[in-house]
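Student: pasting the structure only:
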């Protein structure tokens, strides 16, 4: 089955700096890669996703890149702000099989002001 | 806006008890999921359902069962609760093919003593 590894487990950045979180996956047939953000005490929420037919996707200050050959994908946050502080989870799945997402272990991002 | 409601925010049970966790969604979504969230392990899929009375095991189904008698309701059952089932349980729903965004409930923190 699919296995997703996520690094780093914790990340501290200064406000205004960029943050990068990386994930690798094992199943070359996976074709859907979402990122979820979970603020303290709240439910996870989708912030961006990418499908295997696309190499990069941007939405304002966040972007995701996918390297299918190397089987890794990354989340990039530019101009970080204190409200970006949260736990971020990457995930992977084969959507034609009911979107059974396999999540990474999570990254705690702290943005210091 | 999609609403996924979990019946209890906090629950304390004793070992050996039968435990029911209830989840209701109001958007006529096809797919529903139960995850457990543990520090350092991310979110792990217990069971999911892609239709009424249809269910499929996730990655960690042992010790759990589910019920989906109506489209809007998905229940997680711990037949005989054990201390290693102390965890945060998250329910989620998803529109279905073409709509892979997961909408999570606010979670149930279950403590088994």
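Tutor: Structure's in. What do you need? Predicted model only: the values in this text are computed from it and were never measured.

Student: need the residues of chain A near chain B, please.
Tutor: A:1, A:6, A:9, A:32, A:34, A:36, A:42-46, A:49, A:89, A:91, A:93, A:95-96, A:98-106 (CB under 8 Å from any CB of the partner chain). Where you see a C-beta, it was placed from the backbone N, CA and C, and this is true even at glycine.

Student: Beta-bridge partners for residue A:111, please?
Tutor: Under DSSP bridges, the beta-bridge partners of residue A:111 are residue A:13.

Student: pretty sure it is in contact with residue A:85, am I right?
Tutor: Yes: between residue A:111 and residue A:85 there is a contact under CB atoms under 8 Å: 4.9 Å.

Student: Could you pull up the residues touching residue A:96?
Tutor: A:31, B:97 (CB atoms under 8 Å, 6 or more residues apart in numbering or on different chains).

Student: Can you tell me whether I have it right that it is in a helix?
Tutor: Yes: membership of residue A:96 in a helix is supported by DSSP: H, G, I helix; E, B strand; the rest coil.

Student: quick one on the thing from earlier: filter the residues of chain A next to chain B down to the buried ones.
Tutor: A:6, A:32, A:34, A:36, A:43-44, A:49, A:89, A:91, A:93, A:95, A:98-106 (16 or more other CB atoms under 10 Å in any protein chain shown).

Student: Inside helices: which ones of those residues?
Tutor: For those, not one is inside helices, with DSSP state H as the criterion.

Student: Alright, I will stop here.
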